[in-house]
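predicted model follows, preceded by the sequence.
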Amino acid sequence: MSKTNDRGGARIKQQIIPIVIVAVLFGLSFLTRTGSALRPSYYVVLFVSILNYIVLAVSWNIFSGPSGYISLSTAAFFGLGIYVSALLGEKLPVPLLMIVAGVISFAIAAIIGVITLRLRGVYFTIFTFGLVLLLQYFILWYEVKFNNLRGRTVMAVPYNTVFICLLILAGIVLIAAYYVKRSRFGMALTGIGECEDAAAHIGVNTTMVKVIAFAATSFAIGASGAAKATTMIYIDPPIAFNVMMSFMPVLMVIFGGAGSFLGPIIGAIVFTLLQEQLTTKWPKWYMIIFGVVMIISIVFLPKGLVGSFGEMVGKRKKLLLIAATAVFMVVGFIFTKLLAAAGTNIGGLVFPLLFGIIGFVIFANVLKRGKEAA
C-alpha cells in the first residue's frame, strides 16, 4: 500500500510542477499591461533579458549537464538566430522568425553533431568554441565581399511582443527539461555522462542520443536569438556571435547547480540581475565581479547553490541556511542605503545579491563542516 501511495504521490508531483511553471509564466504575462508598446515598463525589458538567459542556460543544461559534453557553441546558434531576424525581420512576424531560426540551428547542429559528437572531452569543447569563431569570420567575410557592408539594421518590434514570445519559449523549454530529466532519453544522457562505453554496451545508441539532444537544444537557442535580435538596432558579426554568449550560460548553470532543474533558472536570474545593474553603474568592473563570484562558487560550492542546499540534511538546517542568506541580503540592502546617503548611488540589488551569495557560501560550508564533525 505504501509503495502505491508513493507512486501516486510521485505522479501527482510530476503533473503539478509543469502546471506551476505555466501558472508562473501566465502571471508574468500581466507585466505587459504595465507599459505601452512604445514605452515598455522597466520590468518588461528586464524580464526579456532574464527569459533569454533562462532559455540559453536551461537548453545548455539539458544536453551538457547530464552528458558531460561541455558545449561552447551557444553563441554560434544564438548568432544565427540574430542574423535570421536581420535578414527576414521585415517579411516575417516574430514567431515565424523564431521557428525559421530554430530550424536552421537544428539542421546545422545535427550535421555538426554527427561529425563531432564522436569526439570526447576537451576536443569537443574546443571544436564547439571554434565553430563560433568560424561562423563569425565567415559571415563577416561574406558580408564585406559580396554585400559590401559590415553590419545590418534589425527590424524593431515592441518589447511586449518579444516578452510574450520569449515567455512561451521559456515555458516550453522548462517543461521539456523537466520531462526529459525523468524520461528514458534523459536516463540515456545521464548514462553517457557517467560511462559512455557502458551505456553503449547495454544498447544505448549514444551517438544518436547526443545528436538529438544537441540539435533540439540548439533549436531553442536559435529561436531565442531571433527574438532577442528584434530588441537591437544594429548588429554585425562580432555583436551577433559574441563569445560571451557561449560562456554566460555555462557560468549560470555552474553557479546555480549543473544537472538540476532549478539550478540554471536561479543562476540565470541572479547573473542577469547582476549584469543589468553592474553594466549601468560599474561597466568596467562587472566582469571582474562575475569572475570573483564564480571563483568563490567553484571553490566553496562545487555543486552550485541547488546542489549545496540539497546536501543539507534536515529541514532545520535548510531553514537556517535560508534565514542566514536572507539576513545577509538585508545587510546588503542596508549597506546600499548607507552608500546612497553618503552620495554613492549603486544599483539597488547589487549588494543584496552579493551579500546573499557570501552569506549562503559561509553558512553552507559551516553547516556542512558541522555535519562532518558530528
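Good, I have the coordinates.

okay, strands next: where are they in this structure?
With DSSP state E as the criterion, the chain has strands at 152-153, 234-235.

including distance to residue 46, mean pLDDT and mean neighbour count, could the ones you listed go into CSV?
For the C-beta atoms, the positions are set from N, CA and C on the backbone; glycine is no exception. Shown next, in CSV, are the strands of the chain (distance: least, C-beta to C-beta, whole Å; pLDDT from 0 to 100; neighbours: other C-beta atoms under 10 Å):
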stretch, distance to residue 46, mean pLDDT, mean neighbour count
strand 152-153, 24, 92, 15
strand 234-235, 21, 93, 14
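
can you list the ones you listed in CSV and add distance to residue 48?
Output for those, formatted as CSV (distance: least, C-beta to C-beta, whole Å):
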stretch, distance to residue 48
strand 152-153, 19
strand 234-235, 16
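
out of the ones you listed, flag the one nearest residue 77.
strand 234-235 (15.1 Å; C-beta to C-beta).

give the contact list for residue 188.
199, 204, 206, 209 (C-beta atoms under 8 Å, 6 or more residues apart in numbering).

okay, the third one and residue 180: tell me how far apart.
According to C-beta to C-beta, to the nearest Å, residue 206 and residue 180 sit 16 Å apart.

also the last one?
Using C-beta to C-beta, residue 209 is found at 11 Å from residue 180.

spit out the residues that contact the two alike.
residue 189.

distance of the residue nearest to residue 214 when sequence neighbours are not counted relative to residue 209?
Sequence neighbours aside, residue 113 is the residue nearest to residue 214 in space, at 4.4 Å (criterion: C-beta to C-beta, 6 or more residues apart in numbering). Going from residue 113 to residue 209 by C-beta to C-beta gives 10 Å.

what of residue 282?
43 Å.

these two - which one has more neighbours?
residue 209 (20 against 15; other C-beta atoms under 10 Å).

for the more buried one, give me the pLDDT.
Residue 209 carries a pLDDT value of 94.

apart from its chain neighbours, what residue comes closest to residue 365?
Nearest one to residue 365, counting by C-beta to C-beta, 6+ apart, is residue 300 at 5.7 Å.

just for the protein, where's the confidence low?
1-15, 17, 29, 31-40, 346-347, 370-374 (pLDDT under 70).
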